[in-house]
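>>> next comes the sequence, and after it the predicted model I'd like to discuss.
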Amino acid sequence: MKKLYGVIGCPIQQTMSPLIHNDAFLHLGMDALYHAFHVEPGDLEDAVKGMKALGVSGFNVTIPHKESIIPLLDEVDEHARRIGAVNTVVCENGKLKGYNTDGPGYVEALKQVTQTSDKRMLIIGAGGAARAIIYSLLQEPGVTADILNRTPEKAISLIEEFSFHDRCRAVTMEEAVRSLPTYDVIVQTTSVGMHPHVEETPIPLSTLKKNAVVSDIIYNPLETRLLNEARLKGAVVQNGVQMFAYQAALAFQQWTGNVPDVERMETLVTERLGGTSC
Ligand code: ATR
């Protein structure tokens with residue numbers, strides 16, 4: 001029987017998840033379908049029960065349900081629980097288990113452009129996306145990170161919550177700018193520079209280290225002002241397409257045990273966003 005997968009979110013119209021998952025099913029010759037479901041916050045509990053009752057095999061969870069779904073699941077993976085967010089649910093024998101593939105997906109994506117171990121990083125942001133990314137990046141050996149956030153208290157409490165004091169500190173804009181020549185990797189996790197505010201940039205890059213890596217999780221536009229400035233300074237740059245593709249690929253593996261073609265996913269997303277892929 002055809003297996004059913006999906007994503008729940010609100011809004012959900014713009015999601016590119018059906019595009020890449022359905023293509024992967026087709027490409028791998030699997031009899032399965034992935035569908036986007038618009039679920040209002042007040043309907044989440046019913047939607048989760050519905051997924052169970054209908055025998056859906058697995059689904060993704062996106063804004064605004066990643067945190068609120070946790071108490072509705074039968075089981076939650078330890079990492080997802082510590083991150084406090086679930087973006088992937090596996091349904092097996094009538095039980096729902098939640099995982100987080102955003103953080104590990106980001107790390108996998110970053111590894112496509114640089115080694116992660118022993119790197120000194122600047123992470124911009126301390127919101128929901130940053131939580132998963134910071135938690136996962138700090139599992140990598142030897143990583144140390146400064147965290148810059150508009151609201152510094154959020155960076156401080158995140159470091160405390162994860163007990164990352166020995167390898168992380170919260171920095172002000174002034175401190176981050178002063179330390180800029182020392183960072184190997186800059187990770188941008190906020191919405192600053194996202195369409196339609198494409199003129200915005202979270203930090204000036206005038207003293208960027210030579211050969212630094214600058215990674216922005218935004219993919220609309222494909223090249224943010226931050227990435228454009230970094231590229232012109234000779235940095236290795238990465239947009240959010242790879243993170244999106246790797247979080248999807250990891251979810252796909254959790255559900256099916258099959259490894260999808262991630263590059264194919266990246267190409268599809270980039271093309272959908274109007275860019276050209278090599
Ligand atoms: P997400 O789940 O996408 O990370 P979020 O949890 O609302 O969304 O977090 C948004 C992040 O972007 C936060 O780090 C936020 O900074 P604050 O903690 O100070 O709110 C950051 N952010 C959003 N708009 C910003 C802006 N105009 N300037 C600087 N930082 C901004």
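Looks like it came in fine.

>>> where do the strands of the stretch 151-278 of the chain begin and end?
For the stretch 151-278 of the chain, strands defined by DSSP state E, counting those that start in this stretch occupy the ranges 168-171, 185-188, 213-216, 236-238.

>>> so for the ligand, which of those strands sits nearest?
strand 185-188 (9.6 Å; C-beta to the nearest ligand atom). C-beta here means a position set from N, CA and C on the backbone, and glycine is covered the same way.

>>> just the CA trace of that closest one, in CSV.
Taking Å, rounded to 0.1, in the frame of the first residue of the first chain, the C-alpha atoms of strand 185-188 are listed here in CSV:
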residue,chain,number,x,y,z
VAL,A,185,33.3,30.3,10.7
ILE,A,186,30.4,32.8,10.9
VAL,A,187,27.0,31.2,11.2
GLN,A,188,24.0,33.5,10.6
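
>>> for that strand, packing partners?
Contacts defined by 3 or more C-beta pairs under 8 Å, 6 or more residues apart in numbering; DSSP states H and E place strand 185-188 against strand 120-124, strand 213-216.

>>> 10 Å - rerun?
helix 102-111, strand 120-124, helix 128-137, strand 144-148, strand 213-216, helix 225-232, strand 236-238 (3 or more C-beta pairs under 10 Å, 6 or more residues apart in numbering; DSSP states H and E).

>>> contacts only, for D184.
Taking C-beta atoms under 10 Å, 6 or more residues apart in numbering, we find D184 in contact with 114-116, 118-122, 143-144, 209, 211-213.

>>> contact residues of the stretch 101-250 of the chain facing the ligand?
Residues of the stretch 101-250 of the chain lying close to the ligand by C-beta under 6 Å from any ligand atom are 125-130, 149-151, 154, 190-192.

>>> give me that answer again for 5 Å
125-129, 149-151, 154, 190-192 (C-beta under 5 Å from any ligand atom).

>>> can you flag the buried ones in these?
Those of these that meet the buried threshold are 125-126, 128-129, 149, 154, 190, 192, by 16 or more other C-beta atoms under 10 Å.

>>> would you pull up the residue in the stretch 1-150 of the chain closest to the ligand?
For the stretch 1-150 of the chain, C-beta to the nearest ligand atom, closest residue to the ligand: G127, 1.9 Å.

>>> pretty sure that residue sits against I147.
No - judged on C-beta atoms under 10 Å, G127 makes no contact with I147 at a distance of 11.3 Å.

>>> would you map the helices across the stretch 1-150 of the chain?
For the stretch 1-150 of the chain, the helices defined by DSSP state H, counting those that start in this stretch occupy 17-27, 44-54, 78-83, 102-111, 128-137.

>>> quick one on the thing from earlier: looking at the helices and strands packed on strand 185-188, which is buried most?
strand 213-216 (a mean of 26; mean count of other C-beta atoms under 10 Å).

>>> what about that one, average pLDDT?
Here strand 213-216 scores 98 as its mean pLDDT.

>>> what is in contact with G127 and I147 at once?
Shared contacts of G127 and I147, counting by C-beta under 10 Å, 6+ apart, come down to 154, 158, 189.

>>> so what's the last one up against?
Contacts for T189 (C-beta under 10 Å, 6+ apart) come out as 106, 123-134, 147, 149, 202, 215-218, 240, 243.

>>> redo that, cut-off 6 Å
125, 129-130, 133, 217 (C-beta atoms under 6 Å, 6 or more residues apart in numbering).

>>> mind checking how far the residue nearest to it when sequence neighbours are not counted is from M194?
Leaving aside its sequence neighbours, T189 sits nearest to G125 (C-beta to C-beta, 6 or more residues apart in numbering; 3.7 Å). Using C-beta to C-beta, to the nearest Å, we find G125 at a distance of 12 Å from M194.

>>> who's in contact with L158?
Contacts for L158 (C-beta under 6 Å, 6+ apart) come out as A126.

>>> my guess is I8 contacts P41. True?
No - applying C-beta atoms under 6 Å as the test, I8 and P41 come out as separate, 10.8 Å apart.

>>> among those two, which residue is more densely surrounded?
Neighbour count, other C-beta atoms under 10 Å: between I8 and P41, I8 has more, with 22 against 10.
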